[in-house]
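*Asks:* Show me how the following folds:
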Amino acid sequence: TTIAVTYFNLSATAGIAVVGAMPQGLPVFQIPSVSYAELGYLFAGAVAVALVSFADMSTLSHAFALRAGYEVDSNQESIALGAANIATGFFQGFPITSSASRTPVAESAGAKTQITGVVGALCIALLLIFAPSLLKNLPQAALGAIVIFACIKLVEIKGVARLYKLRRGEFVLSIICFLGVVFMGVIKGIFIAVGIALFAFIWRAWKPYNAVLGHVDGLKSYHDITRHPEARLIDGLVLFRWDAPLFFANAETFRDQVLRAVAQAPTSTRWVVVTAEPITDVDITAADMLEDLDEKLHTAGIELFFAEMKDPVKDTLKCYGLFARFGTDTFFPTIEHAVERYIEIYGTKKKM
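*Replies:* Below you'll find the model as predicted:
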């Protein structure tokens, strides 16, 4: 194609886009000259470039690692990316990151190690020194065809079909990401997918699964009464489990579900024990909610307790000052300890 474009002068007569003239020689070392007035603009741009570069590199490296069956150390990749960008800054180069086009091309050509990049850099250096005009008439369409051919292998039809069968939400996310990459470019497509994934995560955390627990004969501990209708409850005791961190988006939902569990209890409630093992964090909004919930329950003559709460979460509550309000006796190491203490005080037994 390059010979045909050159011989028939198709770039001029037919308007075929070509690579064009390439710079001659190698860049020289030079310390960048930047004024203080420009630092603010450069910093904002540098942060944006760093975030986009890391997202691109992380997505691409993990995709190829999964295909080839090896591990990727994101920290090591970030250090290499930073070092390369610092070096290119002294040679007036462009920001460096991974390439969603060249990487598939290199893989399809049989590349196996990082030596591929070294060989490619040496070839480009030789080309710039000895024959900068050799590829001047190379059609851009030819480069595009090579990239498309290489990227076809990245489309995991079986993986997408598996997502459709097992998890429709992730299937929709993958299709949106694919369409975003096709019509808006790799980076924008990735950020659209990340944004939608974050929204889906917050949505699931907003209204997570929760359950009232009861004792099931023949099974250890306490279990969801919805999944085990034969589970026996304890008069006056509500064991409530919340399967998510507590934060601003779901704090009100947590409070409403606890009060609902109390209202639906078959007998008058004395204790509410939150089985807090799945709760991995509590933010300040949720801490305020817990204080409000405790006050509401106390007004109704109900005491609030926690069981199996992780030590880091307890440390967070201490920082909020909630330990001073609740007291250390409010926290039980296990559900069984809480139940035993309740029965010790009230002498009730398990009932349907």
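*Asks:* Now do stretch 109-125: everything it contacts.
*Replies:* By Cβ atoms under 8 Å, 6 or more residues apart in numbering, the surrounding residues in contact with stretch 109-125 are 26, 106. All C-beta atoms are positioned from the backbone trio N, CA, C, and that covers glycine.
*Asks:* Let me fix that, I meant to ask about stretch 275-294.
*Replies:* With contact meaning Cβ under 8 Å, 6+ apart, stretch 275-294 is reached by 213, 222, 239-248, 250-252, 254-255, 258-259, 304, 306-310, 313, 316-317, 320, 322, 325-326, 335.
*Asks:* Tell me the buried residues in it?
*Replies:* In terms of neighbour count (16 or more other Cβ atoms under 10 Å), stretch 275-294 has its buried residues at 275, 276, 277, 279, 282, 283, 286, 287, 289, 290, 293, 294.
*Asks:* Straight-line length of that stretch, end to end?
*Replies:* 15 Å (Cα to Cα, to the nearest Å).
*Asks:* from the chain's centre, how far out does that stretch sit?
*Replies:* Offset of stretch 275-294 from its chain centre (Cα atoms, centre = their mean, to the nearest Å): 23 Å.
*Asks:* Could you do stretch 323-330 as well?
*Replies:* On Cα atoms, centre = their mean, the centre of stretch 323-330 falls 35 Å from the chain's centre.
*Asks:* just to revisit the earlier point, out of the buried residues of stretch 275-294, which are inside helices?
*Replies:* Among those, the ones falling in helices (DSSP state H) are 286, 287, 289, 290, 293, 294.
*Asks:* could you dump those to a markdown table with pLDDT and distance to residue 231?
*Replies:* Compiled in a markdown table, those are given as follows (pLDDT from 0 to 100; distance: Cβ to Cβ, whole Å):
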| residue | pLDDT | distance to residue 231 |
| --- | --- | --- |
| 286 | 95 | 28 |
| 287 | 95 | 31 |
| 289 | 96 | 28 |
| 290 | 96 | 26 |
| 293 | 96 | 24 |
| 294 | 94 | 27 |
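*Asks:* count of residues packed around residue 145?
*Replies:* 12 (other Cβ atoms under 10 Å).
*Asks:* Strands of the chain, residue ranges please.
*Replies:* 210-215, 222-224, 233-234, 237-242, 271-275, 303-307, 331-332, 350-351 (DSSP state E).
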